[in-house]
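Peer 1: give me coordinates for this.
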Amino acid sequence: DVLTLGGQGLSAFVGLNGSSPDRLGLSLSGVDFGLALISEKSSSGSGAGRQWTTLQASATQTAFVGLGSDLNISASGIQIEVNKVEVGAGPVIDYGTGATSLSVATAPDSALKLSLDGAKGELLQASGHLSLDVYGFVQVAGDLAVSKRTETVTLAKKTASAAAEQVAVDVLTIGGTSLDLFAGVNGGTADAVGLQLDNVDFGLALLSDKANATRSWTALNVQASSVGFVGLSDLLPTARNIAVEINQASQAGDQVIDFSARGLSVNTGSGKAVNLDLDGSAGELLRAEGDITLKLFDFAYVSGRIGFERYTPASDLVLKTASGIGSSVKAQSMLAVTGSQITAFVGYADGGFDSDKTLAEQSDRLYGFGASHVDFGLLLTKSAGQSYTALKADLGSAAIYGFNSSDFELSAQHLILEINSTAGDGSTIDYQR
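Peer 2: Alright, predicted model coming up:
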């Protein structure tokens with residue numbers, strides 16, 4: 001049995017004073033929808049069979065009205081999709097190509113054809129373009145999507161296991177694309193002062209074991225073109241090409257999800273998606289990196305790519321005692337700090353420091369100390385109750401500027417620094433094993 005309800009070009013209002021200029025509430029326009037309530041007929045004629053609910057809806061514009069000119073919340077291009085089993089067990093209805101064909105009448109001469117792919121399992125999904133302005137202090141604009149569905153994921157394989165564990169999970173995803181965010185004062189004006197994020201794409205997945213709700217996992221991928229402060233003339237730290245990755249398990253000792261074995265797509269709106277493909281062999285992971293530029297009062301300048309990463313590797317570490325005896329142990333945690341192509345200068349630049357030029361290209365205007373083409377990696381490890389530090393750095397070029405080379409010159413090329421510290425018990429990590 002099939003009951004359908006549909007509508008086209010609808011307008012709606014929920015709130016106060018709906019018929020007056022002083023109305024306050026939620027306004028919707030350009031609403032199209034198709035709802036199907038489906039019940040399975042019992043072959044024996046006794047008792048109710050399975051039941052399903054399917055909804056596809058869209059709205060051209062949604063906004064909160066009556067909040068004043070300083071508080072604006074609106075959304076456009078809204079899409080809502082629901083495909084559920086209401087009663088009984090089994091799969092949802094598949095409306096994909098070559099499967100169930102069902103159209104819902106939305107007007108005397110029009111209909112909406114249901115098209116939800118049953119391969120996605122039970123689905124609750126909403127997406128649209130959000131615009132938010134809170135007194136010019138917080139501004140957000142971009143596409144967002146929220147989705148709930150069921151999936152089967154693969155956990156990272158344990159060292160002694162023959163195969164990786166497969167888990168059926170409920171998945172809640174939140175995604176966004178082409179987001180611009182501002183927090184500060186005078187947002188949207190030439191006098192804006194605050195924090196600005198541009199062109200942010202992100203995908204967040206919250207996953208819970210269907211058989212054991214105490215097991216859950218979190219995964220996040222964020223990409224942003226730039227993050228920085230605007231309206232500050234003497235303090236301008238900025239970051240570009242930012243990437244953030246997180247892969248975590250809620251239970252201590254549980255394996256993280258291996259998204260490299262089976263990826264997870266996070267809808268971000270406007271038909272786009274962020275694909276989570278984090279390698280589970282890295283264990284629990286927190287990673288952030290970006291191209292950093294910091295300029296302090298024309299006195300100090302630093303630029304280059306900086307990264308931070310905390311993880312717990314699945315493979316064992318090899319420790320060596322003072323006598324050279326090796327043993328394998330698990331790492332409790334590892335924190336890596338990396339830098340590549342770093343340029344730094346401290347001093348005075350006649351006419352101001354030119355961030356578009358290298359130190360060599362403006363050396364005749366510099367007075368101070370500078371270094372360029374600096375690469376480094378710092379690793380802090382905890383294992384078996386001991387702490388270890390390892391560092392490797394390559395100082396590509398360093399010099400003191402401001403002197404006539406015929407009178408005084410001090411410079412260096414490719415200075416290499418390597419440190420592998422000994423823990424309190426005299427052991428060290430063998431990184432060549």
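Peer 1: quick one: strands adjacent to the helix or strand of the chain with the lowest mean pLDDT?
Peer 2: Across the helices and strands of the chain, mean pLDDT, DSSP states H and E gives its lowest value to strand 326-329, namely a mean of 81. If you go by DSSP bridges, strand 326-329 pairs up with strand 317-320 (antiparallel).
Peer 1: chain center to the partner strand: distance?
Peer 2: Centroid displacement of strand 317-320 relative to its chain, using CA atoms, centre = their mean, to the nearest Å, is 34 Å.
Peer 1: model confidence over it, on average?
Peer 2: In this model, strand 317-320 has an average pLDDT of 84.
Peer 1: may I see the buried residues of it?
Peer 2: Neighbour-count burial for strand 317-320, counted by 16 or more other CB atoms under 10 Å, picks out L317, L319, K320. All C-beta spots, glycine's among them, are computed from the backbone N, C-alpha and C.
Peer 1: and which of the residues you listed is nearest to T358?
Peer 2: Distance to T358 across the buried residues of strand 317-320 (CB to CB) is lowest for L317, with 39.6 Å.
Peer 1: and the closest one, how far from D209?
Peer 2: From L317 across to D209, the span is 30 Å (CB to CB, to the nearest Å).
Peer 1: next: L144.
Peer 2: According to CB to CB, L144 stands 27 Å off from D209.
Peer 1: help me confirm that E361 is found in a helix?
Peer 2: Yes: under DSSP: H, G, I helix; E, B strand; the rest coil, E361 falls within a helix.
Peer 1: just give me the neighbour total for it.
Peer 2: For E361, the neighbour count with other CB atoms under 10 Å is 10.
Peer 1: and G339, how far is that from F299?
Peer 2: As judged by CB to CB, G339 and F299 stand 21 Å apart.
Peer 1: who has more neighbours out of the two?
Peer 2: Using other CB under 10 Å, the more surrounded residue of G339 and F299 is G339, with 18 against 14.
Peer 1: can you give me how far the top strand by length along the chain is from the chain middle?
Peer 2: Longest strand of the chain, by residue count under DSSP state E: strand 166-185. Put simply, strand 166-185 sits 7 Å off its chain's centre (CA atoms, centre = their mean).
Peer 1: follow-up on the earlier one: so can I have CSV of the buried residues of strand 317-320 showing distance to Q362?
Peer 2: Putting the buried residues of strand 317-320 into CSV (distance: CB to CB, whole Å) gives the following:
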residue, distance to Q362
L317, 45
L319, 48
K320, 48
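Peer 1: what is the nearest of those to V346?
Peer 2: V346 lies nearest to L317 out of those, by CB to CB, at 37.6 Å.
Peer 1: hmm, that closest one is touching I429, no?
Peer 2: Yes: between L317 and I429 there is a contact under CB atoms under 8 Å: 5.7 Å.
Peer 1: mutual contacts of those two, please.
Peer 2: Shared contacts of L317 and I429 (CB atoms under 8 Å, 6 or more residues apart in numbering): T381, S383.
Peer 1: quick one: the strands in the stretch 151-300 of the chain?
Peer 2: Taking DSSP state E, counting those that start in this stretch, the strands of the stretch 151-300 of the chain run over residues 166-185, 193-209, 216-230, 238-249, 264-269, 272-276, 285-296, 300-311.
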